[in-house]
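Quick one: sequence and predicted model below, then my questions.
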Amino acid sequence: MVRVKTLLDTVGQTPLIRLQNLVEDQDSELLLKMERTNPGGSIKDRPALYIIEEAERRGWLKPGGTIIESSSGNFGITLAMIGAAKGYRVIVLVDPKTTPVNLAMMKAFGADVRVVTEKDDSGSYHKTRIALANRLHREIPGSFRPDQCFNPLNSEAHYRQTAQELMEQCQGKLDAVILTVSTGGQLGGFSRYFKEHAPHIRVIAVDAVGSTIFGGKAHSYLLPGMGLSWTPPNIDDLSRIDEIYKVPDEDAFLMCRLLARYEGVLGGGSTGAGLVVAWKLVQEWGSGKRIACLAPDNGERYLPTIYNDVWMKERGLNVEIEPMGLRRRVRELVPHSRYPVETANYQPELVEILDCPTRFHEVRR
C-alpha cells in the first residue's frame, strides 16, 4: 500500500548528484546537494518548518495565529507555503532586491508582502526589515516571529537534519563541504555537526563581496539571499570554520549560466557562488578527493535577473564566458581568511537595538 504524505512531510531527503561535464578527469569529485527538490523549492524549507513546529510545540504559535518575518525571498516563500498548509496568516517584509518571481510566489500562497525601501546604516535593508517585523510582532496579538537571523533553532535544524543527511548520503566519504552564508543557519549547523562527528571534513564558508559577515569593507552587491552587515549568532563558533571565501557577483552569475548550459542544472546565485569556490578546490586538490556543495534553491526564480542578458548588461556584467575562461579565472580566487576567528563581526547589541523577540525564548542547544 502506498503511504500518502502531506505536503510538509516531503521536506528533506534531497538528492545528491555528481557533476559530469564541468569536472575533468584530474579533478576532485564534485557533488551537488539539490535543495530545490524541497516542496517550497529551497533549503529554507528545513529551518522554517523546524522553527514553526517547535513554536507550535512550545505554545509560541497557536491555531489562527500570524507568522511575521523579514526575508529576501526563500524563507518568506517557505513560510507562506507553510502558512497556507497549516492555516496561518503570514506577513513577509521584503526589500527592492527581492525578485518579481519571489514576490509573486509569496503572494500566490496568500502572504501579505510588504516592501521595505528604507536602507539601514550599512546601505542594505536587513536591519530596517527586521526592526519593522519586530514592531509588527509587538502590535499584532497572537503573532510569532521565526526571527531567522537571531533564532538558534535555525542552525539547530541543519545540525539535526541536513548535515547528518549529507553525511549518510556520502557514507562518511567526504573531504570538504562548501556552504554559502546569510543568516548563518547552514554554516552554524553544519560546522558544529562535522567538527563533532567528522572533524577531518573541511568546512568552507562562501560570502558575497560587499558583505561584512566576516569583516571587510561593506558595499552594495547583487547576489540574492547572501550576506549581512554583521556576523549572525547562528554562527556561534568561528573556530569550526576552516576557510572563508568572498565571491564577486559576476563570477557567481556566470557560474550559474555554465551550470545550466553544461550540466542541465538551473541554480540560484548562491549556488553559483558556492560552485565558484568548489570549482577552484577541485582543481587544486586533484583526483581522489570528494567535495560537496549545497545548491540552496531553484534557478527559475532568477530567470528575470541572473539568466536575463538585458538585466545583466544593465548592471555592467558580462553575459558570456567559456568554461575554460571561468575555470582559469576561479583559480585566481584567494581566501578571504584562513583564520576565521579573526574575522568576527558580532554585534550582540543588535538584539536590543532591533528589539528581537528571540531573547525571550529558551531554546534547546
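Now that the structure is in, tell me what you want to look at.

tell me, which helix in the protein spans the most residues?
Assignment by DSSP state H gives helix 269-285 as the longest helix of the chain.

tell me which strands and helices that one is in contact with?
strand 29-34, strand 176-180, strand 202-208, strand 243-247, helix 249-263, strand 290-295, helix 323-331 (3 or more CB pairs under 8 Å, 6 or more residues apart in numbering; DSSP states H and E). Quick note: C-beta positions are derived from backbone N, CA and C, even for glycine.

May I see those organised as JSON lines, with distance to Val90 added?
What follows is the helices and strands packed on helix 269-285, written out as JSON lines (distance: least, CB to CB, whole Å):
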{"stretch": "strand 29-34", "distance to Val90": "26"}
{"stretch": "strand 176-180", "distance to Val90": "25"}
{"stretch": "strand 202-208", "distance to Val90": "27"}
{"stretch": "strand 243-247", "distance to Val90": "32"}
{"stretch": "helix 249-263", "distance to Val90": "29"}
{"stretch": "strand 290-295", "distance to Val90": "25"}
{"stretch": "helix 323-331", "distance to Val90": "39"}
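
highest average neighbour count across those?
strand 176-180 (a mean of 27; mean count of other CB atoms under 10 Å).

Tell me the gap between it and the middle of its chain.
11 Å (CA atoms, centre = their mean, to the nearest Å).

hmm, back to that, closest one to Arg338 among the helices and strands packed on helix 269-285?
strand 243-247 (5.5 Å; CB to CB).

pLDDT of that closest one, averaged?
For strand 243-247, mean pLDDT is 98.

Can you show me the CA trace of the longest helix of the chain as CSV?
C-alpha atoms of helix 269-285 as CSV (Å, rounded to 0.1, in the frame of the first residue of the first chain):
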residue,chain,number,x,y,z
GLY,A,269,23.0,33.0,-7.2
SER,A,270,24.1,31.3,-4.0
THR,A,271,24.6,28.0,-5.9
GLY,A,272,26.8,29.8,-8.4
ALA,A,273,28.8,31.4,-5.6
GLY,A,274,29.4,28.1,-3.8
LEU,A,275,30.4,26.4,-7.0
VAL,A,276,32.9,29.1,-7.9
VAL,A,277,34.8,28.1,-4.7
ALA,A,278,34.2,24.4,-5.3
TRP,A,279,35.5,24.6,-8.9
LYS,A,280,38.7,26.2,-7.6
LEU,A,281,39.2,23.5,-5.0
VAL,A,282,38.5,20.5,-7.3
GLN,A,283,41.3,21.8,-9.5
GLU,A,284,43.8,22.4,-6.6
TRP,A,285,43.1,19.2,-4.7
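
Report the buried residues of it.
269-283, 285 (16 or more other CB atoms under 10 Å).

Tell me the one of the residues you listed nearest Tyr245?
Checking the buried residues of helix 269-285 one by one against Tyr245 (CB to CB), the nearest turns out to be Val277, at 4.7 Å.

my guess is the closest one contacts Asp207, does it?
No: the criterion here is CB atoms under 8 Å, and Val277 misses it with Asp207 at 10.2 Å.

list residues touching both of those two?
Tyr245, Val247 (CB atoms under 8 Å, 6 or more residues apart in numbering).

returning to that earlier point: out of the helices and strands packed on helix 269-285, which gets nearest to Glu165?
Here strand 29-34 is closest among the helices and strands packed on helix 269-285 (CB to CB), at 8.5 Å.

Contacts for the closest one, please.
Contacts of strand 29-34 (CB under 8 Å, 6+ apart): 14-19, 22-23, 166, 169-170, 265, 271, 275, 278-279, 282, 289-295.

do the same with stretch 275-282
Contacts for stretch 275-282 (CB under 8 Å, 6+ apart): 22-23, 27-30, 32, 176, 178, 204, 206, 245, 247, 251-252, 255, 259, 267, 289, 291, 293, 326-327, 330-331, 333.

Now the lowest-mean-pLDDT helix or strand in the chain - C-alpha only, PDB.
Counting by mean pLDDT, DSSP states H and E, the chain has its least confident helix or strand at helix 350-353, which shows a mean of 88. Only the C-alpha atoms of helix 350-353 are listed here, as PDB (Å, rounded to 0.1, in the frame of the first residue of the first chain):
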ATOM      1  CA  LEU A 350      21.500  44.500  17.700                       C
ATOM      2  CA  VAL A 351      19.200  42.100  19.700                       C
ATOM      3  CA  GLU A 352      18.300  45.100  21.900                       C
ATOM      4  CA  ILE A 353      18.500  47.800  19.200                       C
END
